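Engineer: no sequence for this one, just the structure:
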C-alpha cells in the first residue's frame with residue numbers, strides 16, 4: 001500500500017518485511033534519554049545494525065537477547081539486500 005506524506009508530498013512505502021530465527025546481539029541507546037536507537041541482529045549468520053525506527057510493532061525482536069521474528073519496513077530490508085527475487 002502506498003500513501004502520501006502530508007509534509008512533503010512524497011510517496012512512502014508502508015509494506016513490511018519479516019524473517020524468523022533472528023537474534024538481537026546488542027542495542028544502542030541515547031545516553032541522555034536511554035531511548036533505543038538501534039539493534040544489532042543476526043540474520044542467517046550476517047550481522048545488521050537496524051535503526052529502531054524501522055522495527056515494526058509486530059516484531060518479536062526489540063532488545064538484546066530477543067530471538068524470533070524480525071519485522072521491519074520493506075524499504076530498509078530492500079536497501080540492505082535482504083529482499084529476494086521479485087518481492088519488490
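Structural biologist: Received it, and whenever you're ready, just let me know what you need. Small disclaimer: the values here were computed from a predicted structure and weren't measured.
Engineer: now what about stretch 16-28, what contacts it?
Structural biologist: 36-44, 47, 56, 58-59, 61-74, 76-78, 82-83, 87 (C-beta atoms under 8 Å, 6 or more residues apart in numbering). Where C-beta positions appear, they are placed from N, C-alpha and C, glycine not excepted.
Engineer: Run through the residues that contact residue 59.
Structural biologist: With C-beta under 8 Å, 6+ apart as the criterion, the residues that contact residue 59 are 18, 68-72.
Engineer: who does the lengthiest strand in the chain pair up with?
Structural biologist: Among the elements of type strand in the chain, defined by DSSP state E, the one spanning the most residues is strand 16-29. If you go by DSSP bridges, strand 16-29 pairs up with strand 36-43 (antiparallel), strand 67-73 (antiparallel).
Engineer: after the last one, next one along is what?
Structural biologist: Once strand 67-73 ends, the next helix or strand along the chain (criterion: DSSP states H and E) is helix 74-79.
Engineer: re earlier: separate out the buried members of the contacts of stretch 16-28.
Structural biologist: By neighbour count, with 16 or more other C-beta atoms under 10 Å, the contacts of stretch 16-28 hold 36, 38-39, 41-43, 59, 61-62, 66, 70-74, 76-77, 82 as buried.
Engineer: which residues does residue 28 bridge with?
Structural biologist: The partner list for residue 28 in beta bridges (DSSP bridges) reads residue 38.
Engineer: What's the local residue count around it?
Structural biologist: If you count neighbours by other C-beta atoms under 10 Å, residue 28 ends up with 14.
Engineer: repeat for residue 55
Structural biologist: The tally of other residues near residue 55 (other C-beta under 10 Å) stands at 22.
Engineer: cool, residue 53 as well?
Structural biologist: Around residue 53 there are 11 other residues, counting by other C-beta under 10 Å.
Engineer: same check, this time on residue 60
Structural biologist: Residues lying near residue 60 (other C-beta under 10 Å) number 14.
Engineer: quick one: contacts for it?
Structural biologist: Under the criterion of C-beta under 8 Å, 6+ apart, the neighbours of residue 60 are 66-70.
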